[in-house]
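Engineer: Show me the folded form of this:
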Amino acid sequence: MRLSPESLSALPLVIGFALSPSTVSAAAFRHAGQPVGLIDNANTDNTYRDARGSGFPGLTWLRESVSEIIFGHPSTKHSDSTSPSVSVPLSRYRDDVVVRFNVTNPRDQTLLGQAAKENRMDVWASTPQFVDIRLQKDQLRLLLTRIPVPLETQWSVLIPDLEGAVWATYPTKDVTGELEDAAGKLDAAYLKGNIFFHDYQPLSVITSWMALMESMFPSIAKMGIIGDSFEGRPIHSFRIGDRSDENANNGTRKTILVTGGLHGREWISTSTVTYLLWSIITAYGKESMVTKLLKHFDIVFIPVLNPDGYDYTWKTDRLWRKSRQQTKVSWCRGFDLDQAFGFVWDQTKSQVDPCSESYGGDEPFQAVEATRLADWGRNQTENGVKFIGYLDLHSYSQQILFPYTFTCDEDPPNRENLEELGVGLAKAIRLSSGNFYTVSSACEGTVAGKDTGSEATGGSAIDWFYHELHSRYSYQVKLRDTGSYGFLLPRSHIIPTGEEMLNALKYFGDFLLGNNGIESISKANDRTSHDKGRVDLK
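Structural biologist: The predicted structure follows:
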């Protein structure tokens with residue numbers, strides 16, 4: 001995807017000031033007729049208006065927006081600075097809370113999960129230590145009568161006001177106003193602000209922003225489409241790499257894949273993928289380790305693998321998890337994409353209910369989006385790409401998980417190496433932010449949507465890439481936090497989460513270069529302070 005030459009003519013002026021992409025995108029989306037974050041809730045059916053159509057009309061807005069940034073425009077203030085600039089029915093969450101039950105044995109975990117399933121409650125997280133459940137306040141008393149006696153007192157409320165927590169994750173009008181007011185400013189203090197990452201962004205904004213990034217860095221960036229979703233939305237990819245010496249790798253291009261947004265409600269995973277994309281592409285030529293990494297490897301970013309589910313969370317239900325594909329039960333839509341891949345699919349045969357949040361289908365690759373990723377991956381390997389690493393970002397629980405997901409009774413052949421790198425990633429995060437991420441086999445990790453107990457399940461993306469495409473360093477990373485906010489991580493965590501994962505990605509690349517993360521860790525150790533408000537690329 002390329003922008004017109006006339007649209008590119010003003011870009012050197014912008015790039016020369018190291019312009020934050022959000023400044024351009026805010027004005028650009030305004031010209032395109034799509035105010036930042038504005039959602040029209042009237043259209044809740046399955047029709048799709050392609051973001052590359054009316055959202056990107058002729059691409060002439062880029063030239064206009066860059067001119068506006070350079071020459072300025074009148075400021076516009078919003079009178080209401082506290083309301084989200086979205087129209088989403090929040091009343092559905094008014095009586096909901098999230099409760100954590102502390103469990104001490106597998107039997108209690110299983111019985112609690114079964115009780116939640118029978119009452120159609122939403123299991124946010126299930127571990128051998130605790131189970132987080134979203135339910136209505138008046139359901140709590142009922143649940144307490146159906147669980148083991150020890151659990152009747154072993155619980156606490158994590159989120160007492162779910163409606164307020166949902167409200168707080170949407171963009172606010174004051175940030176929209178800040179984007180508009182800042183469009184004429186090019187001072188260094190503003191440029192370090194990364195306003196694009198001050199909010200979660202809807203799908204159309206992300207798509208337009210990715211296209212703009214490609215136009216700004218055409219020598220090393222390529223935006224693509226791996227396929228279409230069930231509802232016809234393009235699943236966009238973004239490849240970054242220095243291919244100036246195409247013969248350096250004997251025709252084979254080693255590639256690191258980073259995905260997010262397999263589950264619609266996990267917005268922090270999508271924002272983190274875009275943050276990594278921006279940080280890596282702007283570090284090229286400035287930071288030696290990143291430049292070296294991109295000369296040896298490509299990095300492919302897929303911010304939203306489940307665009308239908310993600311879009312649905314912006315328009316209808318913020319806490320929707322699955323895809324939006326029709327199932328055999330007409331009133332229960334969607335598949336859990338992370339249980340839809342074809343390697344040891346549905347090992348336990350436990351998830352046969354299409355209404356379950358963890359329903360992976362009645363057969364492997366029944367989910368359209370999982371098929372698209374697998375077909376794209378196979379096609380890439382047939383055309384000279386070798387996947388050497390895979391990071392699949394999710395939330396929540398702060399965990400770094402390696403294969404296998406389907407069983408704890410079988411170890412991958414390179415388990416020691418997987419553990420070693422996993423511990424290194426956790427260390428890189430800890431040095432960056434002080435946050436602790438645990439490292440374990442994915443079969444022992446936190447599972448959202450699991451409502452039948454503690455058994456492992458198959459069909460995961462990391463198992464499939466590890467086994468089928470021989471991506472020997474495949475990980476699922478569950479981002480912040482550990483339960484205080486769950487899937488509703490506040491906007492203020494976007495940049496700090498991106499920063500800690502950026503350090504992990506640098507360590508990951510450095511390890512794959514054969515340095516065992518030494519260069520990345522040594523730079524992290526040299527830091528005496530950590531500015532969480534910007535990308536520190538020096």
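
Engineer: From now on I want contacts and neighbour counts done on CA atoms only, so please keep to that.
Structural biologist: Will do.

Engineer: So residue 289 versus residue 155, what's the distance?
Structural biologist: Using CA to CA, to the nearest Å, residue 289 is found at 47 Å from residue 155.

Engineer: so what's the nearest residue to residue 284 once chain neighbours are set aside up against?
Structural biologist: The shortest distance from residue 284 to any non-neighbouring residue, by CA to CA, 6 or more residues apart in numbering, is to residue 291 (4.8 Å). Residue 291 makes contact with 283, 284, 285, according to CA atoms under 8 Å, 6 or more residues apart in numbering.

Engineer: Kindly report the same for residue 505.
Structural biologist: residue 425.

Engineer: ok, it to residue 279 distance?
Structural biologist: Distance from residue 505 to residue 279, by CA to CA: 11 Å.

Engineer: what do you get for residue 427?
Structural biologist: Computed as CA to CA, the residue 427 to residue 279 distance reads 20 Å.

Engineer: I'd like to know which elements the top helix by length along the chain is packed against.
Structural biologist: As assigned by DSSP state H, the longest helix anywhere in the chain is helix 415-433. Contacts defined by 3 or more CA pairs under 8 Å, 6 or more residues apart in numbering; DSSP states H and E place helix 415-433 against strand 399-402, strand 438-441, helix 494-510, helix 518-526.

Engineer: Distance to residue 130 and mean pLDDT for those - can I get that in TSV?
Structural biologist: Listed next are these as TSV, based on distance: least, CA to CA, whole Å; pLDDT from 0 to 100:
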stretch	distance to residue 130	mean pLDDT
strand 399-402	15	98
strand 438-441	15	96
helix 494-510	24	98
helix 518-526	33	56
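
Engineer: Out of these, which is closest to residue 122?
Structural biologist: Among the helices and strands packed on helix 415-433, the nearest to residue 122 by CA to CA is strand 399-402 (20.9 Å).

Engineer: how far away is residue 413 from residue 343?
Structural biologist: Separation of residue 413 from residue 343 (CA to CA): 16 Å.

Engineer: Which residue of those two possesses the greater neighbour count?
Structural biologist: Between residue 413 and residue 343, counted using other CA atoms under 10 Å, residue 343 has the larger neighbour count: 22 against 9.

Engineer: helix or strand for the more buried one, which one?
Structural biologist: Residue 343 belongs to no helix or strand when elements are defined using DSSP states H and E.

Engineer: So for it, what pLDDT did the model give?
Structural biologist: For residue 343, the pLDDT comes out at 85.

Engineer: Can you give me the distance of it to residue 464?
Structural biologist: Residue 343 is 5 Å from residue 464, where distance means CA to CA.

Engineer: how far out from the middle of the chain is stretch 426-439?
Structural biologist: 19 Å (CA atoms, centre = their mean, to the nearest Å).

Engineer: what does stretch 215-225 give?
Structural biologist: Averaging C-alpha positions (CA atoms, centre = their mean) puts stretch 215-225 20 Å from its chain's average.

Engineer: do the same with stretch 267-274
Structural biologist: Here the centre of stretch 267-274 is set off from its chain's centre by 3 Å, with CA atoms, centre = their mean.

Engineer: Tell me the buried residues in that stretch?
Structural biologist: Neighbour-count burial for stretch 267-274 flags 267, 268, 269, 270, 271, 272, 273, 274 (criterion: 16 or more other CA atoms under 10 Å).

Engineer: sec struct for the second one, please.
Structural biologist: The one in question is residue 268. State at residue 268, reduced to three classes by DSSP: H, G, I helix; E, B strand; the rest coil: helix.

Engineer: residues in contact with it?
Structural biologist: 200, 394, 395, 479, 489, 494.

Engineer: with those residues in mind, which one is nearest to residue 404?
Structural biologist: For the contacts of residue 268, the minimum distance to residue 404 (CA to CA) is 16.6 Å, reached by residue 394.

Engineer: pretty sure that closest one belongs to a strand, no?
Structural biologist: Yes - under three-state DSSP, residue 394 falls within a strand.

Engineer: least trustworthy helix or strand in the protein by mean pLDDT?
Structural biologist: Using mean pLDDT, DSSP states H and E, the weakest-scoring helix or strand in the chain turns out to be helix 11-15, at a mean of 34.

Engineer: Which parts of the chain are strands?
Structural biologist: Secondary structure of the chain (DSSP state E): strands at 96-102, 122-126, 130-136, 155-159, 221-228, 234-240, 253-259, 297-302, 385-395, 399-402, 438-441, 473-479.

Engineer: Quick check, central residue of the protein?
Structural biologist: Most central in the chain under CA atoms, centre = their mean is residue 269, positioned 2.0 Å from the mean C-alpha point.

Engineer: That one and residue 396 touch, don't they?
Structural biologist: No - in this structure, residue 269 is not within contact of residue 396 by CA atoms under 8 Å, at 9.3 Å.

Engineer: Name the residues contacting each of those two.
Structural biologist: Taking CA under 8 Å, 6+ apart as the criterion, residue 269 and residue 396 both touch residue 479.

Engineer: on that earlier part again, as a markdown table, the helices and strands packed on helix 415-433 with distance to residue 367 would be great.
Structural biologist: Output for those, formatted as a markdown table (distance: least, CA to CA, whole Å):
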| stretch | distance to residue 367 |
| --- | --- |
| strand 399-402 | 23 |
| strand 438-441 | 25 |
| helix 494-510 | 28 |
| helix 518-526 | 38 |
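
Engineer: Check those for me and report the most buried one.
Structural biologist: strand 399-402 (a mean of 28; mean count of other CA atoms under 10 Å).

Engineer: Adjacent strands (with direction) for it?
Structural biologist: Applying DSSP bridges, strand 399-402 is found paired with strand 438-441 (parallel), strand 473-479 (antiparallel).

Engineer: Nearest to residue 331, out of these?
Structural biologist: Per CA to CA, nearest to residue 331 of these: strand 473-479, 29.8 Å.

Engineer: The closest one versus strand 385-395: what angle between them?
Structural biologist: Counting by axes from the mean of the first three to the mean of the last three CA atoms, to 10 degrees, strand 473-479 lies at 20 degrees to strand 385-395.

Engineer: Restricting to C-alpha, output strand 473-479 in CSV.
Structural biologist: This file holds the C-alpha atoms of strand 473-479, laid out as CSV (Å, rounded to 0.1, in the frame of the first residue of the first chain):
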residue,chain,number,x,y,z
TYR,A,473,10.8,-19.6,20.2
SER,A,474,7.0,-19.2,20.4
TYR,A,475,5.4,-17.5,23.4
GLN,A,476,2.1,-16.2,24.6
VAL,A,477,2.6,-13.1,26.7
LYS,A,478,-0.2,-12.1,29.0
LEU,A,479,0.2,-8.4,29.7
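
Engineer: contacting residues around it?
Structural biologist: Identification of contacts with strand 473-479 by CA under 8 Å, 6+ apart yields 268-269, 388-403, 418, 442, 462-463, 465-466, 497.
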